[in-house]
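Enquirer: What would the 3D arrangement of this be:
(one chain, ligands or ions: 1)
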Amino acid sequence: MLDYDKPIVQKRALAVHDISGVGKCSLTVALPIISAASVECSVLPTAVLSTHTGGFTGYTVRDLTEDIIPMVRHWQSLKVRFDAIYTGYLGSFSQVQLMKKMAADLSNENTIVLVDPVMGDNGRLYAAFNEAFPPEMLELCRVANIIKPNITEALFLLGEKYQEGPYSREYLNELLRRLAALTEKPSIVLTGAWLKDDPSRLGAATYDRSTEKIDYVLGPAVEGSYHGTGDVFGSALVGASLTDHSLAEAVRIAVDFTVRAIRLTKAASTDIRYGVNFEACLGSYIRDLGLC
Ligand code: PXL
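Expert: Reported below is the predicted structural model:
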């Protein structure tokens, strides 16, 4: 129970994503989930779209690159600093470069910079990106404390060919080690970890930079590729990381939350383009965080 008379210093995260009006991803997911962790979720919107670009056609896009520098300058004039900076879908090279330059200006000495190098899935880049984009994204990954690629994004960062799962443990361990060598600084949370020796489960493989240890955090595998689950998982990871959980604990909480939302959505047989019913799982997420 909260003691309403006790002074609480609230943590503040900055979510840097687009707003896709319909489709449940990016900011429409980050805001409610990070807020559920009792963390203030400030936003730096990178673009406004009518829907996300995965599986819809005819969507509108308004790029907001021009607004990024003035917004950040204003926050600097107010001396605003964030406990976490969480970047996701960045629509252009210049947005990636701006975020790389600005992350330090908005950080304090303990800020967690979590970069989700959103670029593609299932072996392919999303509609807005071409092959020149991954090397730019790699530069942003190098200033992060945690990166959260899926297998497709990890292989694009490494410049390697996509492989279909399930994977051997050795393959994923090596992939993590190569990515760790390439990025030098961040811990890595690799999503879509699906093992040949345990194919009924799916989750994340983690490389903890401080210990160089690799771990697997798995839950039941649910068939189907549900849109926006990367953002649901990433947002839950940010919330858990800012509520005093270790990387391993935060990944466990985020995997459990995402799996529950996917199971509920599968049971309801809704169109996978419209995202997952994470809202119904916020109560159990808050409980897992130990907040009630
Ligand atoms: O969930 C990733 C994402 C975010 N934002 C936009 C997207 C996608 C993936 O397709 O298109 C606009």
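
Enquirer: pLDDT score for the most centrally placed residue in the chain?
Expert: By Cα atoms, centre = their mean, the chain has its centre lying nearest to residue 234, at 3.1 Å. Model confidence at residue 234, given as pLDDT, is 98.

Enquirer: so how far is residue 96 from the residue lying closest to it once chain neighbours are set aside?
Expert: If the residues on either side of it in the chain are set aside, residue 234 comes closest to residue 116, at 4.8 Å by Cβ to Cβ, 6 or more residues apart in numbering. All C-beta atoms are positioned from the backbone trio N, CA, C, and that covers glycine. For residue 116, the distance to residue 96 equals 12 Å [Cβ to Cβ, to the nearest Å].

Enquirer: Comparing those two, which residue is more hemmed in?
Expert: Using other Cβ atoms under 10 Å, the more surrounded residue of residue 116 and residue 96 is residue 116, with 31 against 21.

Enquirer: picking that back up, residues contacting the residue nearest to the centre of the chain?
Expert: 30, 86, 88, 114, 116, 148, 254 (Cβ atoms under 8 Å, 6 or more residues apart in numbering).

Enquirer: same thing but 10 Å
Expert: 15, 17, 26, 29-30, 33-34, 86-88, 114-116, 118, 146, 148, 189, 191, 254, 258 (Cβ atoms under 10 Å, 6 or more residues apart in numbering).

Enquirer: near the ligand at all, the helix or strand containing it?
Expert: Per DSSP states H and E, residue 234 falls inside helix 229-241. Yes. Counting by Cβ under 6 Å from any ligand atom, the ligand has neighbours in helix 229-241: 230, 231.

Enquirer: starting at the chain centroid, how far to that helix?
Expert: 6 Å (Cα atoms, centre = their mean, to the nearest Å).

Enquirer: If we check the ligand, which of the contacts of residue 234 are in contact?
Expert: For the ligand, the contacts drawn from the contacts of residue 234 by Cβ under 6 Å from any ligand atom are 26, 118.

Enquirer: still on that earlier bit, any shared contact partners between residue 116 and residue 96?
Expert: With Cβ under 10 Å, 6+ apart as the test, residue 116 and residue 96 both reach 87, 90, 137, 141.

Enquirer: Let's see which of these end up in strands.
Expert: residue 87 (DSSP state E).

Enquirer: Contact partners for residue 261?
Expert: 24, 29, 33, 226, 228-229, 232-233, 236, 275-282, 284-285 are the contacts of residue 261 under Cβ under 10 Å, 6+ apart.

Enquirer: Mind checking which of these are buried?
Expert: When the contacts of residue 261 are checked for burial by 16 or more other Cβ atoms under 10 Å, the buried set is 24, 29, 33, 226, 228-229, 232-233, 236, 275-278, 281-282, 285.

Enquirer: rewinding a little: in the next helix or strand after the helix holding residue 234, what counts as buried?
Expert: Remark: after helix 229-241, the chain's next helix or strand is helix 247-268, criterion DSSP H and E. For helix 247-268, the buried set under the neighbour-count rule, 16+ other Cβ under 10 Å, comprises 247, 249-266.

Enquirer: Now the helix or strand just after helix 247-268 - C-alpha only, CSV.
Expert: Counting by DSSP H and E, the next helix or strand C-terminal to helix 247-268 is helix 282-288. Presented in CSV, the C-alpha positions along helix 282-288 are these (Å, rounded to 0.1, in the frame of the first residue of the first chain):
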residue,chain,number,x,y,z
LEU,A,282,-1.6,-4.0,-16.6
GLY,A,283,-2.9,-5.2,-13.2
SER,A,284,-0.7,-8.2,-13.2
TYR,A,285,2.3,-6.1,-14.5
ILE,A,286,1.9,-3.7,-11.6
ARG,A,287,1.7,-6.7,-9.1
ASP,A,288,4.9,-8.2,-10.7
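
Enquirer: Much appreciated, bye for now.
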